[in-house]
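# what's the 3D shape of this:
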Amino acid sequence: MSGSDGSSVRIVRKPTVYLVGRQTVDQSGVDQFIADHGVTWETDTQIGAEKLCEVAGRVCYMSFGKGRKTNGDYLGNIIGVGHGSVLEHAVWNFVFTGISRSLTHELIRHRAGFGYSQLSQRYVDESQADYIEPDVIADDPALHAIWLEAVSHAQTAYRRLVDGLAEKFPDVSQATLRRKLARQAARSVLPNACETKIFVTANARGLRHFIELRGDEHADIEIRALAVQVLRIMQQAAPNIFGDYSIERLGDGTEVALTPHRKV
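Residues are numbered from 1 along each chain as shown. Here you go, the predicted structure:
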């Protein structure tokens, strides 16, 4: 789309979540532990994160070979009684794209159980950045025009500032450093709507907390859509840990995440 000044504004309508890493189990180590302590144990899950959470929980009581036999039953009880610390041993890696800086300002408030590496506007050229437009604005032609004009002006200002600032550092011989110095100052005019990318590492307990808070109907719509998308992925990746959630559609067409087991 083009702004009133003729500049091109690329708009992204929904986030994308890439699951890029998950745990594997060193079975020889587990087997050695079992043998050294004279117990027996087997589980029916092939998912590393689920298996490790079960091992962690059973270590607490040395309950190997006792009680619940399936991983689903075991972790279901863990979730039901709120023994959430066991879930901190399950970890996944993601890349989130198609999200705004507004969203990541909220996302990075989730510190317990999370790690982040975000795209740097000091180094990355944002002259052709994508932007995230809230649906409530996009659905109204008059409001969309106002938003588009504002974003277009900001993008044009950024380009002009980068060009002008580059001339402020004639004594800096290294081109990469000159560009960084220019971009780190010019980025001050970029709006929160600017699209960003972020690498996220999170454990199961942290993810459940994120999904419960940000998948709630009172959460911001953009981050709610992200939370629901993460939940869908995790229900496939670790159904015994995230299977107690349901996804429901509200009257406005947006979705929420619900669970009877909150604050695990």
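# element containing Val230?
In this structure, Val230 sits in helix 221-237 according to DSSP states H and E.
# what distance separates the start and the end of stretch 125-141?
30 Å (Cα to Cα, to the nearest Å).
# ok, residues contacting it?
For stretch 125-141, the surrounding residues in contact (Cβ atoms under 8 Å, 6 or more residues apart in numbering) are 9-13, 98-100, 102-103, 143-144, 146-147, 151, 155, 158-159, 162, 179, 183, 187, 190-191, 193-195, 221-222. For glycine as for every other residue, the C-beta is placed from the backbone atoms N, C-alpha and C.
# Just the buried ones from these?
Listed as buried from those are 9, 11-12, 98-100, 102-103, 144, 147, 151, 155, 158-159, 162, 179, 183, 187, 190-191, 193-195, 222; burial here means 16 or more other Cβ atoms under 10 Å.
# Keeping just the C-alphas, turn the helix holding Val230 into CSV.
In CSV, the C-alpha atoms belonging to helix 221-237 read as follows (Å, rounded to 0.1, in the frame of the first residue of the first chain):
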residue,chain,number,x,y,z
ILE,A,221,-5.8,-8.5,20.4
GLU,A,222,-2.4,-8.7,18.6
ILE,A,223,-0.6,-10.5,21.4
ARG,A,224,-3.7,-12.7,22.0
ALA,A,225,-3.5,-13.9,18.5
LEU,A,226,0.1,-14.8,19.0
ALA,A,227,-0.6,-16.6,22.3
VAL,A,228,-3.3,-18.7,20.6
GLN,A,229,-1.0,-19.5,17.8
VAL,A,230,1.7,-20.6,20.2
LEU,A,231,-0.9,-22.8,22.0
ARG,A,232,-1.9,-24.5,18.8
ILE,A,233,1.8,-25.4,18.2
MET,A,234,2.4,-26.6,21.7
GLN,A,235,-0.7,-28.8,21.7
GLN,A,236,0.9,-30.6,18.9
ALA,A,237,4.4,-30.5,20.3
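# What ranges does the stretch 1-150 of the chain have for its strands?
Counting by DSSP state E, counting those that start in this stretch, the stretch 1-150 of the chain has strands at residues 10-12, 16-22, 91-100, 114-118, 130-132.
# ok, and the closest non-adjacent residue to Arg10?
Asp130 (4.6 Å; Cβ to Cβ, 6 or more residues apart in numbering).
# The one you found: neighbour count?
For Asp130, the count of nearby residues is 17 (other Cβ atoms under 10 Å).
# That one and Phe33, how far apart?
49 Å (Cβ to Cβ, to the nearest Å).
# How much space separates the nearest residue in space to Leu177 that is not next to it in sequence from Ile198?
Using Cβ to Cβ, 6+ apart and skipping residues adjacent in sequence, the residue nearest Leu177 is Phe169, 7.9 Å away. According to Cβ to Cβ, Phe169 and Ile198 sit 29 Å apart.
# which of the strands of the stretch 1-150 of the chain is buried the deepest?
strand 130-132 (a mean of 21; mean count of other Cβ atoms under 10 Å).
# Tell me where the model's unsure across the stretch 1-150 of the chain.
Counting by pLDDT under 70, the ranges of the stretch 1-150 of the chain that qualify are 1-7.
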